[in-house]
Each structure stands twice: as C-alpha cells, then as structure tokens.
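**Q** Next comes the sequence, and after it the predicted model I'd like to discuss.
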Amino acid sequence: MAANGLPETMKAVVVHGPHDYRLEQVPVPKAHAGELVLKVEACGICAGDVKTWQGAARFWGGNGQPKYVKEPVIPGHEFLGRVAAVGEGVNDFAIGDRLIAEQIVPCGHCRFCFRGQYWMCERHDVYGFQDNVNGGMAEYMRIPAESMPYVHRVPDALPLETAVLIEPFSCSMHTVIRADVQIGDVVVLSGCGPLGLGMIGPLLQRGPSALIALDLKESRLELAQKFGATHVYNPRDVDVVSTVKEMTEGYGADIYIEATGAPASVIQGLDVLRRLGRFVEMSVFGEPTTVDWSIISDTKELDVLGVHLSPYCYPLVINGLTNGTIPSQGVVTHQFPLDDFLEGFETMATARDNAIKVILRP
Ligand SMILES: [Zn+2]
Ligand SMILES: [Zn+2]
C-alpha cells in the first residue's frame, strides 16, 4: 500500500500492437495537482477497440491515414468509476464519487478548442489510444487536468449495465442531433449495434412518422422493436429500397443514418433517400466504399453529414437513461473480468452468442 491507500501496482490490459494485447501488472497512476484517479467499475469494448485490435489502418496508419495509436497504452474509453484519489487543488470531487469523463481529452488551446469545438481538437487525444491518456481496461485510471471540465457525475442508482452505455449512447445522441429530424420525417436507421440502438430513444423524441431500423441480426432487430422502432427489416429478407419507396409514395426516406460501417449500407442509403434528403454517416470503416457521387450532386442534391464523438451530449444521455426516455435494457449482453479480456474482444468481434455490447469489469 502506498501513502494514499492505493496499491502500488494493478492489473491492466496493455496494447503493444495489432493482436498483441497483454494482461500486465503495471504501476497504479497517481493523482497529481488538478487530477483524479478513478477505481474503474466497468469499461465497454467499442467497435473501435476491436478494429484497433485487428490492426485497422484508421488506427495504425496506411490507406492514406496517419498512425493514431501511441503504444504501449491501456485501451478503453467507455469507462466509468469512483474517485479513488484526489489531486491537490481539486475541490469539486471527493473519494467515492461516481463519475465519467468524456472520451476525448482536449488540448484546450487549438483553434477548435478555442471555438468550443473541443470534440474535434487538433491534438485529438482519446482515452485508451495514446500513452499519455491511458484508458479504462485496468483497475485504476488517471483523469488528467485537461479532462476535468468534461467530467460528469453518474447517479449512484443507475445500474452498471446502463451507466456503462453513457459513452456510446452520447455518440448516438450527437448523431441524432446532427440528423436534425423533424416531426413527420421518415427515418431509416441502418445498423442496430450499441450505437444504433442508442439512437432510438432520442430519434423517437424528434417525432418521426416512421423509424425504420435495419440489421442483419434478428436479436438486434427484436431489441430495436422493443425500444420503439416502428418498422424493423433484415436487408437479407426484405428489399429495403422498394419497401421504403412504397411507404413514401415512391419518393424515399427523408433521412438515412448509416451506423454499420459496411460499404453496402452506404450504397443502400444513397439509393433509399429521396431527393434533397439527408445522409448521416457515423461509422468507422474497415475498407473504402466506392460509389457514384453524381447521386449526391446531379440526381438528388443530398446533404451528407459526418458525425464524430459526442459534444455536449453526456448530460443529456445521463438524464435520458435515468428517466427512461432512452431505453437501454438488453444492450449489454456479456460481462468478463479483466483476465478474460481476449474472450471479450473475440465475442465483440464475432458478435457470437447474440453479443451486442461486451463489457469488462476490472
Ligand atoms: Zn466507443
Ligand atoms: Zn484542442
């Protein structure tokens, strides 16, 4: 035991390279001035974590993308925990407080940070990808001073399986806000993974006349229906484009939200949208998509919007999960101790046993 009552070392997953993740004994971080140390309650495995583990160019460089990961690093940005150590000068939080920090640790001084667009911070340190901001797949983690303005309290009463969804569901919330759904819109939601499922509550609050959820897995469609999607279709069984056109007097959907990361879903979206429709892209892709861009210009004059992270959404989602306007039950399907993290990654990667969200409990 150290002077602050924390152990000297802890168990952590450490990223050394693609497919080279090891369970190691590492020093417990210290809370320096202005910082906190959390005892991690749980940490979700994100699709991005799986793609990093698999070596995707988006994270390791290649395909015209720079290298993003700075290893060795402890992964995990979907964490929450309780304060275990408080640094000098921190007065807002005390030992035992339950809280969550937003996934990005903004630099505070780039053009985007100055303009309040902190989620696009040029430095772009996200917990669990850079060695200076280790993530939550460990017993303890450090919340650096730059992260403190983006820390939120989590109600003690929120069950762990719900609270661990705050990060992904905040990304879902940002997507819905970007989509700017109007009362009466016909919305197609392609992909009912954790992020797509997290959009259903906020989408319904926007009053669409139809919310058509698509997925290739029946268990996900069942959950989407339970959460309130008005129509659920498996594109393997249903011709989505002609079905949606029939529902809309031949025009097509007003809004298409792409949440699968699969090129076929992009092409389907451009096809199913009406003229002057809105395409919202929130996925990370493992491979490029090739498509005729004249659909976006000449044929339909579409609005195409990208989505990244979850600015100003954590408080909305904590509220929505607490008051029940954001349904979440059934999204977390698997829990593993840190020792079995590889099984967790494999379960998430293959979506075996109807896995949707897999979490680790240090
Ligand atoms: Zn995530
Ligand atoms: Zn910045």
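**A** Structure's in. What do you need? Numbers count the residues shown, from 1 in each chain. Ligands and ions are numbered 1, 2, ... in the order given.

**Q** Ligand 2 contacts on the chain?
**A** Counting by Cβ under 5 Å from the ion, the chain comes close to ligand 2 at 106-107, 110, 113, 121. The C-beta positions use only the backbone N, C-alpha and C, and glycine is treated the same way.

**Q** Widest-spaced pair of these?
**A** Pro106 and Cys110 (8.0 Å; Cβ to Cβ).

**Q** what is in contact with the two at once?
**A** When contacts are counted by Cβ atoms under 8 Å, 6 or more residues apart in numbering, Pro106 and Cys110 are jointly contacted by 121, 123.

**Q** Just want to know which of those two has more residues nearby.
**A** Neighbours around Pro106 and Cys110, counted as other Cβ atoms under 10 Å, are more numerous at Pro106. The numbers are 22 against 16.

**Q** What residues does Arg275 make contact with?
**A** 251-252, 299-301.

**Q** so Pro288 touches Gly62, yeah?
**A** No. In this structure, Pro288 is not within contact of Gly62 by Cβ atoms under 8 Å, at 11.7 Å.

**Q** which helices and strands does the helix-or-strand element of the chain with minimal mean pLDDT pack with?
**A** Of all helical and strand segments in the chain, the minimum by mean pLDDT, DSSP states H and E falls on helix 57-60, at a mean of 89. On a contact count with 3 or more Cβ pairs under 8 Å, 6 or more residues apart in numbering; DSSP states H and E, helix 57-60 meets helix 47-54.

**Q** distance between the helix it packs on and the chain's centre?
**A** With Cα atoms, centre = their mean, to the nearest Å as the basis, helix 47-54 stands 12 Å off its chain's centre.

**Q** How about stretch 104-115?
**A** With Cα atoms, centre = their mean, you get 20 Å for stretch 104-115.

**Q** on that earlier part again, out of the residues of the chain next to ligand 2, list just those in helices.
**A** When DSSP state H defines the helices, the subset of these inside them is Cys113.

**Q** Which of the residues of the chain next to ligand 2 fall within strands?
**A** Residues of these located in strands (DSSP state E): none.

**Q** just the contacts of Arg275 now: which is nearest ligand 2?
**A** Closest to ligand 2 out of those is Glu301 (34.0 Å), distances taken as Cβ to the ion.

**Q** what number of residues lie near that closest one?
**A** By other Cβ under 10 Å, 11 other residues sit near Glu301.

**Q** quick revisit: so what touches the least confident helix or strand of the chain?
**A** 18, 48, 51-52, 63, 65, 67-69, 129, 284-286.

**Q** Using CSV, write out every CA atom in it.
**A** Provided in CSV are the C-alpha atoms of helix 57-60 (Å, rounded to 0.1, in the frame of the first residue of the first chain):
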residue,chain,number,x,y,z
ALA,A,57,-5.5,1.4,-41.0
ARG,A,58,-7.7,4.1,-39.3
PHE,A,59,-5.8,3.4,-36.1
TRP,A,60,-2.4,2.1,-37.1
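
**Q** Make a markdown table from the residues of the chain next to ligand 2 and add pLDDT to it.
**A** Shown next, in a markdown table, are the residues of the chain next to ligand 2 (pLDDT from 0 to 100):
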| residue | pLDDT |
| --- | --- |
| Pro106 | 98 |
| Cys107 | 96 |
| Cys110 | 98 |
| Cys113 | 97 |
| Cys121 | 98 |
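
**Q** For my notes, please list the residues of the chain next to ligand 2 in a markdown table and give distance to Gly184 for each entry.
**A** What follows is the residues of the chain next to ligand 2, written out as a markdown table (distance: Cβ to Cβ, whole Å):
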| residue | distance to Gly184 |
| --- | --- |
| Pro106 | 37 |
| Cys107 | 42 |
| Cys110 | 40 |
| Cys113 | 38 |
| Cys121 | 37 |
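
**Q** Wait, a helix at Pro155?
**A** No. Assessed by DSSP: H, G, I helix; E, B strand; the rest coil, Pro155 does not belong to a helix; its assignment is coil.

**Q** residues touching it, list them.
**A** 98, 318, 322.

**Q** now the spatially most central residue of the chain, what's its secondary structure?
**A** The residue lying closest to the centre of the chain (Cα atoms, centre = their mean) is Pro168, at 3.1 Å. State at Pro168, reduced to three classes by three-state DSSP: helix.

**Q** Nearest residue to it in space, please, no chain neighbours.
**A** Distance criterion Cβ to Cβ, 6 or more residues apart in numbering; nearest residue to Pro168, sequence neighbours excluded, is Pro194 at 4.8 Å.

**Q** cool, Glu281 as well?
**A** With Cβ to Cβ, 6+ apart as the criterion, Glu281 has its nearest non-adjacent residue at 4.9 Å, and that residue is Glu258.

**Q** How about Cys110?
**A** Take Cys110 and drop its neighbours on the chain: the residue closest to it by Cβ to Cβ, 6+ apart is Glu122, 3.9 Å away.
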